[in-house]
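In: compute the structure for the input listed below.
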Amino acid sequence: MKFQALYRKYRPKNFDEVVGQKVTIQILKNAIENNHISHAYLFYGPRGTGKTSIAKILSRTINCESPKNGVPCEKCDSCKISIEPGCVDIIEIDAASNNGVDEIRELKNKISFVPSELKYKVYIVDEVHMLSTGAFNALLKTLEEPPEHAIFVLATTELQKVPLTIISRCQTLEFRKIDTQSMTQKLKEISAKEKIDIDDNALLEIAKYSNGGLRDAIGLLEKAAAYTDKTITSNIIKEISGNVSEEDLNNFITLFQNKDIEQLIIKINDFYNEGIDLLRLANNIIEYLRDEIIVNKHYDRSLCKLINELDQMVTLMEKSENPKIIFEVTIINCLLDEEPKVEQTKEIKTVEEKKTEPKKEIEEPTEPKKIDDNIIDIRVGNTLYNPQKVIISEIRKNWDQIKDLAFDEQYGNVARLLSSDTMPVAASDTNIILVSKLKGIATQINGDVETVNEIINKTFNGEYMVACLSEDDWKKYTAEYKDNKDKFKYQEEPKKEKTNKSLKDKAKELFD
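Out: Model prediction:
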């Protein structure tokens with residue numbers, strides 16, 4: 001028999017065999033039981049959590065002639081046909097390699113044909129975020145009104161790259177990272193069936209390494225079984241995965257606490273020469289410190305500071321061409337005394353001098369400039385009055401560039417919020433409209449709109465004014481736009497009077 005990788009051999013064949021996705025499975029089972037199957041699903045979550053496997057199970061289950069409790073019988077003709085690799089009615093599309101508009105147009109032309117052998121024709125589109133803008137546009141109408149015999153299952157690891165117009169036409173289901181207990185239990189079952197001798201600490205180490213992805217965990221288990229015919233221990237897992245042993249980590253932290261910079265640099269150089277991935281080393285140290293602080297209750301300010309520094313360092317290392325330098329400098333910076341030294345040459349003022357010093361007026365604290373609902377309405381209206389498809393297309397294509405300001409001292413917090421929780425949906429020559437799924441996020445962004453304007457203008461080299469809406473509010477505007485485009489006219493924004501009055505002056509006005 002031809003060799004088969006373990007992750008394929010133990011791929012779940014029905015919903016009951018799926019690990020760690022209880023909520024998603026229950027939703028799909030209930031939908032099948034009650035015959036409330038959606039015409040389009042969007043599965044999103046980290047890699048190796050079962051998105052494609054569940055898509056295949058769903059396609060077999062809805063075509064089963066007599067499913068029981070949302071599980072295919074695996075005995076009827078439909079079940080036997082659907083499990084065959086060449087089943088013509090279950091079409092798998094890899095969007096990473098078939099991401100052009102021509103491929104989607106071909107799909108649209110063929111979708112009207114009724115299934116050859118099954119009840120439903122199911123299209124599974126993997127890595128859907130890789131589709132081009134033109135391909136997404138071509139897919140829109142088909143997703144909105146597909147034939148009754150067609151069902152779409154889209155899968156992605158990067159939901160933020162999928163247009164909101166696509167998301168709104170699908171039932172979205174989130175796939176979460178698989179918890180450590182469920183993963184170690186599954187690995188233990190596979191080890192028993194494959195007669196792999198492995199101890200519990202090694203299983204736990206595999207679960208930690210795989211970061212919630214079962215496919216990666218099974219792959220590492222298979223690699224460990226091929227590496228040795230002896231009992232697989234946690235040190236073997238660390239050795240083949242490129243992780244650092246607990247003893248080396250302990251020595252590294254001891255050197256850090258002793259502030260032995262010279263030996264720390266030598267140690268980092270040794271790790272580098274041994275071929276250890278420094279990015280992975282940084283994550284290993286963060287996990288080790290977390291256990292030391294939280295589990296072992298070793299509450300130490302310097303260790304907490306090191307975690308924060310390393311966490312920021314990981315992002316810089318991912319972008320750097322020389323991560324070793326970033327690692328070394330970060331460790332040194334953590335140990336240097338950053339407290340400013342008192343200058344001895346400064347003259348000490350006498351009590352009399354202090355008394356004669358003029359009192360400074362209390363300056364009014366600067367608050368972020370907010371925009372009210374009227375301004376938001378004007379900005380949306382001005383955008384819909386003169387929408388510029390070329391501008392919004394360019395901005396959406398390069399939206400990830402905002403992440404370059406994620407660790408900027410002035411813009412960092414707002415830039416991270418923009419890049420992770422909003423999406424540009426429309427633009428004119430002067431305005432950009434953002435949409436967030438949560439109304440609270442939209443309110444927060446509008447509450448510091450001047451900073452948002454600066455970030456976007458700095459990133460896209462323009463002079464735009466921004467407004468952020470929740471998804472529900474945006475739908476209301478687009479519905480009005482479809483009903484009557486002429487309703488939207490250009491309006492000048494009212495200019496706000498600038499004031500430099502101090503708190504003292506304002507208080508005086510109140511009592512005059």
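In: going by C-alpha atoms from here, please, whenever you check contacts or count neighbours.
Out: Will do.
In: show me where the stretch 51-200 of the chain has its helices.
Out: Secondary structure of the stretch 51-200 of the chain (DSSP state H, counting those that start in this stretch): helices located at 51-63, 77-82, 101-110, 133-144, 164-167, 180-194, 200-210.
In: just say which of the ones you listed is most tucked in.
Out: helix 51-63 (a mean of 23; mean count of other CA atoms under 10 Å).
In: show me the shaky parts of this structure.
Out: 1-3, 98-100, 337-370, 496-512 (pLDDT under 70).
In: strands of that one, residue ranges please.
Out: With strands called from DSSP state E, the chain shows them at 40-44, 90-94, 121-126, 150-156, 171-174, 423-427, 431-436, 465-470.
In: tell me which residues are up against the longest one.
Out: So the one you mean is strand 150-156. Strand 150-156 is contacted by residues 38-45, 51-52, 55, 111, 120-129, 143 when judged by CA atoms under 8 Å, 6 or more residues apart in numbering.
In: now that strand - C-alpha only, CSV.
Out: The C-alpha coordinates for strand 150-156 follow below in CSV (Å, rounded to 0.1, in the frame of the first residue of the first chain):
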residue,chain,number,x,y,z
ALA,A,150,-25.1,25.0,-5.6
ILE,A,151,-23.4,25.6,-2.2
PHE,A,152,-20.2,27.5,-1.6
VAL,A,153,-17.8,26.9,1.2
LEU,A,154,-15.0,29.5,1.4
ALA,A,155,-12.0,29.0,3.7
THR,A,156,-9.3,31.5,4.7
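In: partners of it, with directions?
Out: With DSSP bridges as the test, strand 150-156 is paired with strand 40-44 (parallel), strand 121-126 (parallel).
In: kindly report the same for the last one.
Out: For strand 465-470, the paired strands and their directions (DSSP bridges) are strand 431-436 (parallel).
In: chain center to the strand it pairs with: distance?
Out: 20 Å (CA atoms, centre = their mean, to the nearest Å).
In: ok, stretch 382-391 next?
Out: The chain centroid and the centroid of stretch 382-391 are separated by 29 Å under CA atoms, centre = their mean.
In: in stretch 223-243, which residues are buried?
Out: 224, 225, 232, 233, 234, 235, 236, 237, 238, 241, 242, 243 (16 or more other CA atoms under 10 Å).
In: can you verify my assumption that the first one contacts residue 240?
Out: Pointing back at residue 224 there. Yes: using CA atoms under 8 Å, residue 224 is in contact with residue 240, at 7.2 Å.
In: the residue nearest to residue 149 when sequence neighbours are not counted and residue 61, how far apart?
Out: Closest residue to residue 149 apart from its sequence neighbours, by CA to CA, 6 or more residues apart in numbering: residue 120 at 4.8 Å. Using CA to CA, to the nearest Å, residue 120 is found at 10 Å from residue 61.
In: center of this structure - which residue?
Out: What sits nearest the mean C-alpha location of the chain, by CA atoms, centre = their mean, is residue 158, with 6.3 Å.
In: which residues touch that residue?
Out: By CA under 8 Å, 6+ apart, the contact set of residue 158 is 44, 45, 129.
In: from those, which is closest to residue 179?
Out: residue 45 (13.8 Å; CA to CA).
In: ok, and the closest non-adjacent residue to the closest one?
Out: Spatially, and ignoring its direct neighbours in sequence, residue 45 is nearest to residue 175 (4.6 Å; CA to CA, 6+ apart).
In: from residue 47, how far out is that neighbour?
Out: 9 Å.
In: hey, which helix is longest across the protein?
Out: helix 301-319 (DSSP state H).
In: can you pull the contacts of the residue nearest to residue 411 when sequence neighbours are not counted?
Out: Closest residue to residue 411 in three dimensions, ignoring its sequence neighbours and counting by CA to CA, 6+ apart: residue 405, at 6.4 Å. Applying CA under 8 Å, 6+ apart, we find residue 405 in contact with 411, 412, 415, 416.
In: now residue 463
Out: Going by CA under 8 Å, 6+ apart, residue 463 touches 430, 457.
In: how is this protein carved up into domains?
Out: Domain segmentation of the chain under automatic domain parsing yields 6-174, 180-241, 246-335, 373-487.
In: mind putting the ones you listed into CSV with distance to residue 494?
Out: Output for the domains of the chain, formatted as CSV (distance: least, CA to CA, whole Å):
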stretch, distance to residue 494
domain 6-174, 31
domain 180-241, 52
domain 246-335, 42
domain 373-487, 8
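In: which one of those lies closest to residue 495?
Out: Between residue 495 and the domains of the chain, the shortest separation by CA to CA is 10.5 Å, and it involves domain 373-487.
In: re earlier: what residues sit buried inside the longest helix of the chain?
Out: Across helix 301-319, burial judged by 16+ other CA under 10 Å covers 303, 306, 307, 309, 310, 313, 314, 317.
In: apart from its neighbours in sequence, what residue is nearest the fifth one?
Out: Leaving aside its sequence neighbours, residue 310 sits nearest to residue 282 (CA to CA, 6+ apart; 6.5 Å).
In: same deal with the second one?
Out: With sequence-adjacent residues excluded and distances taken as CA to CA, 6+ apart, residue 306 is closest to residue 334, at 6.6 Å.
In: what distance do you get for that neighbour to residue 255?
Out: 13 Å.
In: which elements pack onto the longest helix of the chain?
Out: Counting contacts by 3 or more CA pairs under 8 Å, 6 or more residues apart in numbering; DSSP states H and E, helix 301-319 is packed against helix 278-290, helix 323-335.
In: output the last one in CSV with nothing but the alpha carbons.
Out: Once non-C-alpha atoms are left out, helix 323-335 reads as follows in CSV (Å, rounded to 0.1, in the frame of the first residue of the first chain):
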residue,chain,number,x,y,z
PRO,A,323,17.4,39.6,13.2
LYS,A,324,20.5,38.6,15.2
ILE,A,325,21.4,42.3,15.6
ILE,A,326,17.9,43.2,16.7
PHE,A,327,18.0,40.3,19.3
GLU,A,328,21.3,41.4,20.7
VAL,A,329,20.5,45.1,20.9
THR,A,330,17.1,44.4,22.6
ILE,A,331,18.7,42.2,25.3
ILE,A,332,21.4,44.8,26.0
ASN,A,333,18.9,47.6,26.1
CYS,A,334,16.8,45.8,28.7
LEU,A,335,19.8,45.6,31.0
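In: would you mark the buried spots in that helix?
Out: 323, 324, 327, 328, 330, 331, 332, 334, 335.
In: with the first one instead?
Out: Residues of helix 278-290 classed as buried by neighbour count (16+ other CA under 10 Å): 278, 279, 280, 281, 282, 283, 284, 285, 286, 288, 289, 290.
In: stretch 258-273 too?
Out: 259, 261, 264, 265, 267, 268, 271.
In: just the CA trace of that stretch, in CSV.
Out: C-alpha atoms of stretch 258-273 as CSV (Å, rounded to 0.1, in the frame of the first residue of the first chain):
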residue,chain,number,x,y,z
ASN,A,258,22.8,38.4,36.7
LYS,A,259,23.1,41.2,34.1
ASP,A,260,26.0,39.4,32.5
ILE,A,261,25.8,41.1,29.1
GLU,A,262,29.1,39.6,27.7
GLN,A,263,28.0,36.0,28.4
LEU,A,264,24.5,36.7,27.0
ILE,A,265,26.0,37.9,23.7
ILE,A,266,28.2,34.8,23.6
LYS,A,267,25.2,32.6,24.3
ILE,A,268,23.1,34.3,21.5
ASN,A,269,26.0,33.8,19.1
ASP,A,270,26.2,30.1,20.1
PHE,A,271,22.5,29.6,19.4
TYR,A,272,22.9,31.3,16.1
ASN,A,273,25.9,29.2,15.0
